[in-house]
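Visitor: here are the coordinates; sequence isn't available:
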């Protein structure tokens, strides 16, 4: 404290002595006074540069370095200003204008330096880069002045120019803004440094206002302005040179102390954030564990190994342990590959590939419990990224009851199919019995009756009786024809004797004969191997489709084809008529419906384990496809 008081006292005596010298010089010669002021500020500016350049490695930011370099170049312009003012520099124009141009360029560079330096408190820019930037600016300014491109600041006839006055106000605004910035960033600077810098800015502002009409002002304003300019440079000297040269370690340790305080605050903030984050993660973990433990399904979490295979479980829930009979520790040593039934392990490479591409997968498999029991499951798994790594989160559902229900449904469907086949067989047998009865009994009786009528016709009868007998004979002939047609409809003999293909070809010709629709028949020539009962169902289904074409399609051409592909038989009926909307044929026809025949065809084909598809639109025709499985050879 005593050293600081001594230093402050010495500084006051030095300022007082300098002021006395300058006042004496001013009374003796204004040129001497002006030269002493400018040379003093130039010396201070160059001293700032030397100190900040050599001590920049000890400073955390570029603030002081920018001030030192910028003030050095401003001092150089002040030196040129002093030389021009003394008419030392040879110049073809006005010496006063030249001196004012260097004055304005120096003050503009000083204002820009003070305005930009606070923005570099926490930034590091190399000294060489800063020096190059200021050197370029200074060189441009000097070149503009000596080439006559710099705006005129003083005219011998009219005095100072509006440009000079406007520039002074601009410099004042820049310095005021710089003082505000330094005051706002005082936390980044030592307290005495920031205070003296702001004081220097204030002194410079007052000096600029006093010298607003310099060199015309003269008198007390001129004297005050130059002295305040020197005081401003002295304050910069006190802020940087004295604190930086005579007390360098104090400035360095202040920055270290400030950095330590910031580090302590950052540590406190970090510890607080860690605690908050830890508490948040703990709450999320508890919520996550409660969620997976409350799940009735099995929950498995495991990593993905480098070779792409699933790794050992890292997390399981209680439901998995309870049903599988393993402890958590036992499951932690297993992988999904070891848990799957041997015959189900083949799906894992494909599943892992799908997870790699899509990030999720849904599949069924069978897993083995500890006691060897088999449990069918449905697994929904998804890739989850945690802490930079990928984990598989699998929700596994026991589908034992569903599989039992599915098996029961399959068995029921099989029984229904068997009953449908038995029904078809019984229906075909009944058709054959009726057809046989019609042919063998009724047909024979009608033939005998026709024979007796014919014999009776040879006996002489009254005319009226002969006419009646002839009519009776005609009636018997018509009945015999109807019985034969009915026999063909119920069970055509060609189906029994020649097979399905021949029966379909005969039916195609019959539709052409009965309805005038030309039906093209196509057969791939392969052996079909269709059971007799199934052949009957297929024949009548194709007949229903052909008659629908003849009645409703409004066309004179159609195609009927039969082929074998693999283990299935296909029958197609296609026309190019008016078409229709096929919706509704899957539902039982109501009294308003017109699709009973198609509904019946579908029902009978489905009962055989086959399928019945219709593709049709109004105006484009219809294509119906019947497909049934063939018995294995």
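Guide: Received the coordinates, thanks. Remember, predicted model here, so these are calculated numbers, not experimental data. Numbering: from 1, shown residues only.
Visitor: gap between the nearest residue to residue 628 once chain neighbours are set aside and residue 500?
Guide: Take residue 628 and drop its neighbours on the chain: the residue closest to it by C-beta to C-beta, 6 or more residues apart in numbering is residue 610, 3.4 Å away. To be clear about C-beta, it is placed using only N, CA and C from the backbone, and glycine gets the same treatment. Separation of residue 610 from residue 500 (C-beta to C-beta, to the nearest Å): 14 Å.
Visitor: Make sure residue 151 is indeed in a helix.
Guide: No - using DSSP: H, G, I helix; E, B strand; the rest coil, the assignment for residue 151 is coil, not a helix.
Visitor: Look at it and report its pLDDT.
Guide: Note for residue 151: predicted pLDDT of 91.
Visitor: So the closest residue to it other than its chain neighbours, which state does it fall into?
Guide: Leaving out its chain neighbours, the residue that sits closest to residue 151 by C-beta to C-beta, 6+ apart is residue 163, at 4.3 Å. Following three-state DSSP, residue 163 is assigned to helix.
Visitor: so what's residue 163 up against?
Guide: Contact analysis of residue 163 by C-beta atoms under 8 Å, 6 or more residues apart in numbering lists 151, 152, 153.
Visitor: What of residue 535?
Guide: 495, 499, 500, 503.
Visitor: distance of the residue nearest to residue 151 from residue 468?
Guide: Computed as C-beta to C-beta, the residue 163 to residue 468 distance reads 144 Å.
Visitor: Could you do residue 101 as well?
Guide: 150 Å.
Visitor: ok, those two, which is more surrounded?
Guide: Taking other C-beta atoms under 10 Å, residue 101 and residue 468 do not tie; residue 101 has more neighbours (29 against 12).
Visitor: is it true that that one touches residue 150?
Guide: Yes - with contact defined as C-beta atoms under 8 Å, residue 101 and residue 150 form a contacting pair (5.2 Å).
Visitor: Show me the shaky parts of the stretch 301-450 of the chain.
Guide: Under the criterion pLDDT under 70, the flagged ranges of the stretch 301-450 of the chain are 387-388, 417-418, 420-421, 424-425, 427-429, 431-432, 435-441, 443.
Visitor: So which residues of it form helices?
Guide: Remark: helices assigned in the stretch 301-450 of the chain by DSSP state H, counting those that start in this stretch are 318-324, 328-332, 336-339, 348-358, 400-437, 443-456.
Visitor: Of the ones you listed, which is nearest residue 168?
Guide: Comparison of the helices of the stretch 301-450 of the chain against residue 168 by C-beta to C-beta identifies helix 348-358 as nearest, at 72.1 Å.
Visitor: Contacts only, for residue 87.
Guide: With C-beta under 8 Å, 6+ apart, residue 87 has these contacts: residue 95.
Visitor: Tell me the confidence at residue 580?
Guide: We have a pLDDT of 85 for residue 580.
Visitor: Please name the nearest non-neighbouring residue to it.
Guide: Per C-beta to C-beta, 6+ apart, closest to residue 580 is residue 616, 5.6 Å.
Visitor: Give me the distance between stretch 230-238 and the centre of its chain.
Guide: Offset of stretch 230-238 from its chain centre (C-alpha atoms, centre = their mean, to the nearest Å): 60 Å.
Visitor: mind listing what's buried in that stretch?
Guide: Going by neighbour count (16 or more other C-beta atoms under 10 Å), the buried part of stretch 230-238 is 230, 231, 232, 233, 234, 235, 236, 237, 238.
Visitor: The protein: strands as residue ranges?
Guide: Under the criterion DSSP state E, the chain contains strands at 154-155, 159-160, 298-303, 315-316, 360-368, 374-386, 389-398, 518-523, 557-565, 568-575, 611-617, 621-629.
Visitor: Take these and write them to CSV, including distance to residue 450 and mean neighbour count.
Guide: Output for these, formatted as CSV (distance: least, C-beta to C-beta, whole Å; neighbours: other C-beta atoms under 10 Å):
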stretch, distance to residue 450, mean neighbour count
strand 154-155, 149, 18
strand 159-160, 148, 16
strand 298-303, 82, 20
strand 315-316, 89, 20
strand 360-368, 70, 17
strand 374-386, 71, 16
strand 389-398, 76, 18
strand 518-523, 34, 16
strand 557-565, 36, 18
strand 568-575, 39, 20
strand 611-617, 44, 16
strand 621-629, 41, 19
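Visitor: Give me the contact list for stretch 212-231.
Guide: 15, 18-19, 22-23, 26, 33-34, 37, 40-41, 96, 99-100, 103, 154, 159-160, 165, 168, 203-204, 206-211.
Visitor: Could you name the residue of the chain that is farthest from its center?
Guide: residue 460 (105.7 Å; C-alpha atoms, centre = their mean).
Visitor: Can you spell out which residues form a bridge with the closest residue to residue 558 other than its chain neighbours?
Guide: Nearest non-adjacent residue to residue 558, counting by C-beta to C-beta, 6+ apart: residue 575, 4.3 Å away. With DSSP bridges as the criterion, residue 575 is bridged to residue 558, residue 622.
Visitor: Report pLDDT for residue 575.
Guide: 92.
Visitor: Going by distance to residue 531, which of the buried residues of stretch 230-238 wins?
Guide: Looking across the buried residues of stretch 230-238 and measuring by C-beta to C-beta, the closest to residue 531 is residue 236, at 113.4 Å.
Visitor: Isn't that closest one up against residue 199?
Guide: No - taking contacts as C-beta under 8 Å, residue 236 lies outside contact range of residue 199: 9.7 Å.
Visitor: Quick check, the residue nearest to residue 628 in contact with residue 625.
Guide: No - counting by C-beta under 8 Å, residue 610 does not reach residue 625; the two are 10.2 Å apart.
Visitor: I'd like the distance between residue 114 and residue 129.
Guide: Separation of residue 114 from residue 129 (C-beta to C-beta): 19 Å.
Visitor: More neighbours: those two, which one.
Guide: Just comparing residue 114 and residue 129: by other C-beta under 10 Å the higher neighbour count belongs to residue 114, 28 against 10.
Visitor: what pLDDT does the closest residue to that one other than its chain neighbours get?
Guide: Nearest non-adjacent residue to residue 114, counting by C-beta to C-beta, 6+ apart: residue 178, 3.7 Å away. Reading off the confidence values, residue 178 has pLDDT 88.
Visitor: Spit out the contact partners of the residue nearest to residue 548 when sequence neighbours are not counted.
Guide: Using C-beta to C-beta, 6+ apart and skipping the chain neighbours, the partner closest in space to residue 548 is residue 597 (6.3 Å). Residues near residue 597 by C-beta under 8 Å, 6+ apart: 544, 547, 548.
Visitor: number of nearby residues for the last one?
Guide: Counted by other C-beta under 10 Å, the residues lying close to residue 548 total 20.
Visitor: do the same with the second one
Guide: Other residues within reach of residue 547, judged by other C-beta under 10 Å, total 16.
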